[in-house]
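Enquirer: Need a 3D model of the sequence below.
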Amino acid sequence: MNSPNPVHVIPVSTAQHQEIFLDVPARVYAGDPNWVAPLRSDTIKEFSPEYPFRQYGELQQFIAVKDGEGVGRIVAMVNQRLIEREQTNVGLFGFFECINDVAIASALFKSACDWLRDRALTSVRGPINFSTQNSCFFLIDGFDSPPMVMMPYNPAYYLNFMGQDGWQKAKDAYAYHLPLDKPLSPEFEKGYNIACKSGVTFRKIRTKGDDFTQDAIAIYQLYTKAFAENWSSTPRTQDEFLEQAKSLQSLVDPDTFWIAEYNGEMIGVFMSLPDYNIALKHVNGKLNWLGILKFLWYRRQIDQGRVFAIAALPEFRRKLVPLGLIYLGLQGAVQKGKPYKQAELSWIYEDNAPSRKLIEASGGIIYKTYRIYEKLL
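Expert: Predicted coordinates for the structure are as follows:
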């Protein structure tokens, strides 16, 4: 760090700093065939003063600059909801990107940790972008293929950064690969029939107008209940959830997105999306007029999807609602005219034995591993 061209880590405080922050990933991943650039407009929105996280959280962005160019970035965050839930003064780091230089990475971590320490926090966990219901994890195994939609990706050398800087494993999670050319076990159709006989009804998500908004609100309420006890999890505000839901509204395939109801109340959901990363890979993070044209062209190549949640209220799991949802979701994916050849089910914590057992029974095989780290301040 005392070289003729020193690196400076500075807090983001100007529009110029923000541009440097946004430009860092393009430098880190230059030439990486698996990287999919995040939409620049989405990242800008996440750091606007109006973003809902600001209602209950505080953050500070940092950039590492060398010769006037960004070579790394990090964000330190205080999620007050997480602190209240865990009764622990834990801070977060996220949005980390860095060129392959341990000294620069350590300087970024130090800046983030010092900022958190100044706010009386005693430990730090990450990478977590605001909460685990948003983007989180470093990929630690499975670098040979691109990430599916809304999943993280990073260089393998990040693992060395964490080891060199004294970070410890907090928890791992898995992504499962599921080929769709093999028949599903008959137990899933049997589970669907049992759920129906118990009075549960199933339908596809509605994707138009007020009907979509009503379904999104019900999914938010169900999701918040079903995952209330998840490790390091804090519920997003309804506004946060709806903002993301509306950004995905036109991308949903209703044939692979199923809802379970009982007496008119939503009690389960099978949430999936086509893997739009296949198209987004070609837009370089910018949905301008050229990016939109490229997106529309390359979306025709999408032949896989990601299942990102299978949720059911606890009292309905005994009625085999999860099996019924998986049966319908996967049947919808392989019906005539659908392009899907494979699916990813992600992510599932390593210690979530019931979900792992269910996914493995459906034919899923672990093919990527992710990790959240932590350390004392």
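
Enquirer: Strands of this structure, residue ranges please.
Expert: In the chain, the strands defined using DSSP state E lie at 8-11, 57-66, 69-79, 90-98, 123-126, 138-141, 168-179, 201-204, 258-262, 265-274, 304-312, 342-349, 365-376.

Enquirer: Can you say which of those is nearest to L293?
Expert: Evaluated with C-beta to C-beta, the strands of the chain place strand 265-274 nearest to L293, the distance being 18.6 Å. C-betas here are computed from N, CA, C, even on glycine.

Enquirer: what's the angle between the closest one and strand 342-349?
Expert: Strand 265-274 runs at 120 degrees relative to strand 342-349, counting by axes from the mean of the first three to the mean of the last three C-alpha atoms, to 10 degrees.

Enquirer: Please identify the buried residues of strand 265-274?
Expert: Along strand 265-274, these residues count as buried under the neighbour rule (16 or more other C-beta atoms under 10 Å): M266, I267, G268, V269, F270, M271, S272, L273, P274.

Enquirer: Ok, stretch 254-267 next?
Expert: For stretch 254-267, the neighbour count (16+ other C-beta under 10 Å) marks D255, T256, F257, W258, I259, A260, E261, Y262, M266, I267 as buried.

Enquirer: Now do that stretch: everything it contacts.
Expert: With contact meaning C-beta atoms under 8 Å, 6 or more residues apart in numbering, stretch 254-267 is reached by 195, 199-207, 215, 218-219, 221-222, 268-274, 305, 312-313, 316, 321, 324-325, 328-329, 332-333, 335, 338, 340.

Enquirer: try stretch 95-108
Expert: With contact meaning C-beta under 8 Å, 6+ apart, stretch 95-108 is reached by 1, 7, 9, 24-25, 27-28, 43, 61-62, 64, 66, 71-75, 126-127, 129, 154-155, 157-158, 160-161, 164-165.

Enquirer: and the end-to-end length of that stretch?
Expert: With C-alpha to C-alpha, to the nearest Å as the measure, stretch 95-108 spans 11 Å from end to end.

Enquirer: Going through the contacts of stretch 95-108, which ones are buried?
Expert: Buried residues within the contacts of stretch 95-108, defined by neighbour count using 16+ other C-beta under 10 Å: 7, 9, 24-25, 28, 43, 61-62, 64, 66, 71-75, 126-127, 129, 154-155, 158, 161, 165.
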